[in-house]
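[1] could you look at this predicted model? Sequence included:
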Amino acid sequence: MPLFLSQDLFDAAGLKPAKTWDEFRETAKKLHGDKVAGCSFIGANDPSLGLVDWFTRFITIGGS
């Protein structure tokens, strides 16, 4: 499974990418807040969902 992360968020929180699912869950909890989703998964095999996910991430970090 590929993992995409925002290195600046990890650096600011003093975190490293998880190596186990337990670490992943704990890292996601630490990153989650009012303006940051600690984790996001696409739930179906449909290319348009990937574009929606990408666009949402792009816009929420100031893209235009």
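    Okay, I see it.
[2] can you map out the helices along this protein?
    7-13, 21-31, 47-60 (DSSP state H).
[3] now render those helices as a markdown table, adding mean pLDDT, distance to residue 40 and mean neighbour count.
    To be clear about C-beta, it is placed using only N, CA and C from the backbone, and glycine gets the same treatment. Shown next, in a markdown table, are these (pLDDT from 0 to 100; distance: least, Cβ to Cβ, whole Å; neighbours: other Cβ atoms under 10 Å):
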| stretch | mean pLDDT | distance to residue 40 | mean neighbour count |
| --- | --- | --- | --- |
| helix 7-13 | 89 | 13 | 11 |
| helix 21-31 | 91 | 9 | 13 |
| helix 47-60 | 73 | 7 | 11 |
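[4] export the ones you listed to TSV and tack on distance to residue 39?
    As requested, the helices of the chain are exported to TSV (distance: least, Cβ to Cβ, whole Å):
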stretch	distance to residue 39
helix 7-13	12
helix 21-31	4
helix 47-60	12
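[5] tally of neighbours for the residue nearest to residue 24 when sequence neighbours are not counted?
    Nearest residue to residue 24, sequence neighbours excluded (Cβ to Cβ, 6 or more residues apart in numbering): residue 18, at 3.9 Å. By the criterion of other Cβ atoms under 10 Å, residue 18 has 15 neighbours.
[6] please name the nearest non-neighbouring residue to residue 35.
    residue 60 (7.6 Å).
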